[in-house]
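Novice: the sequence and its predicted three-dimensional model are supplied below.
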Amino acid sequence: MKKTTLYDLLRLTPDASASDIQAAHIKLVEHYRTGNHGLPPGDADNRIKAIKEAWWVLSDANRRAAYDASLAPTQPDLPPVAMAAGAPLPIEVEIKALKQRSPLRIMLTVIGGLMIVGMLIQIFFSVFAFRQVSRAASGDAVNPAMERAAAAERRQMYGNLSDQEIADQEDAARREREAFRQTEAERRAEYARREEERKHEQALAERKRYADQVSSDLQRSEEAARQKAEWDRQQREARERLAQEDEERRLQDRLARERARLRLDSGH
């Protein structure tokens, strides 16, 4: 029996282009929503979901390549059993076929399988998110299968907790996040305050060093001016003493000359 592929769901062939896939997706979804398909509403919804999943896989080049690789046959078809003498048995043909498979092909097969598993996981979560959004947007009744999937996801995340316990945990987590944000905001504010105080103290220290430097320069200038004034005074006093001594010597010389002249006059 032939396996139904995603191309079959979209009524396309494997060589369909991206535009063909997009057009088929839109046409089929519209048909099962509003067209005369003769299916019950539940079956029509399931058909739409399957079409959307097929489109999600085939609309992306990487996902489509991985899916196409999964469709490729992994073993060659075995020939019918021949009754003639000397014809190889089926088991011999299978062993020869396995021997002919290269390690590269085996590795590619394994990688393709892993990619398909990852793709299926992505499809599951994408379809689940899409259904949640669609349900919230349309306000339709919740599908029992979706309820079971949501319950399974909740059990996987929260275990067997009740709705009230889950709400309490989420509320506690929310309070913890708010407390963390509050603590972080206070820490940043305290850091900013300390940084501002540090900058203020640094500015005060800079001004104090500048004032001390100016005061020291003034003191040195005043001391230099005082020493210069003292030197000038000493030089002036020394010049005055020399001038006074010269004046006294001239006076003594004049008195001596006057005395000598008087003695000469009295001798005559």
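Specialist: Ah, there it is.
Novice: okay, now the unreliable bits of this structure?
Specialist: 1-2, 73-108, 110, 117-118, 121-162, 211, 215, 268 (pLDDT under 70).
Novice: and residue 42, which of the three is it?
Specialist: helix (DSSP: H, G, I helix; E, B strand; the rest coil).
Novice: now swap in residue 233 and tell me
Specialist: Secondary structure, three-state DSSP: residue 233 is helix.
Novice: what about it, how many residues nearby?
Specialist: As a burial measure, residue 233 scores 10 neighbours (other Cβ atoms under 10 Å). Every C-beta, even on glycine, is put in place using the N, C-alpha and C of the backbone.
Novice: repeat that for residue 44.
Specialist: Residue 44: 16 neighbours (other Cβ under 10 Å).
Novice: grab the nearest non-local neighbour of it.
Specialist: Nearest non-adjacent residue to residue 44, counting by Cβ to Cβ, 6 or more residues apart in numbering: residue 32, 4.7 Å away.
Novice: can you list contacts of the one helix or strand that neighbour maps to?
Specialist: Assigned by DSSP states H and E, residue 32 falls within helix 18-34. By Cβ atoms under 8 Å, 6 or more residues apart in numbering, the surrounding residues in contact with helix 18-34 are 10-12, 16, 37, 39, 44, 47-48, 51-52, 54-55, 58-59.
Novice: tell me the buried residues in it?
Specialist: 21, 24, 25, 28, 29, 32 (16 or more other Cβ atoms under 10 Å).
Novice: what does stretch 58-66 give?
Specialist: Buried, per 16+ other Cβ under 10 Å, within stretch 58-66: 58, 63, 64, 66.
Novice: then stretch 7-19?
Specialist: Buried residues in stretch 7-19, counting neighbours by 16+ other Cβ under 10 Å, are found at 7, 9, 10, 12, 16.
Novice: so which elements touch the helix or strand encompassing residue 178?
Specialist: In this assignment (DSSP H and E), residue 178 forms part of helix 163-267. Counting by 3 or more Cβ pairs under 8 Å, 6 or more residues apart in numbering; DSSP states H and E, the packing neighbours recorded for helix 163-267 are helix 144-158.
Novice: from the buried residues of stretch 7-19, which is closest to residue 230?
Specialist: Among these, residue 16 lies closest to residue 230 (Cβ to Cβ), at 110.1 Å.
Novice: next, the contact list for that closest one, please.
Specialist: Per Cβ under 8 Å, 6+ apart, neighbours of residue 16: 7, 10, 24.
Novice: give me the phi and psi angles of residue 37.
Specialist: phi -100, psi -20 (degrees, to the nearest 10).
Novice: and for it, the neighbour number?
Specialist: Around residue 37 there are 13 other residues, counting by other Cβ under 10 Å.
Novice: residue 27 versus that one, what's the distance?
Specialist: Separation of residue 37 from residue 27 (Cβ to Cβ, to the nearest Å): 12 Å.
Novice: same question, residue 20
Specialist: 10 Å.
Novice: list the buried residues of stretch 49-58.
Specialist: Buried residues in stretch 49-58 (16+ other Cβ under 10 Å): 49, 50, 51, 52, 53, 54, 55, 56, 57, 58.
Novice: quick check, nearest of these to residue 236?
Specialist: Nearest to residue 236 among the buried residues of stretch 49-58, counting by Cβ to Cβ, is residue 56 at 108.4 Å.
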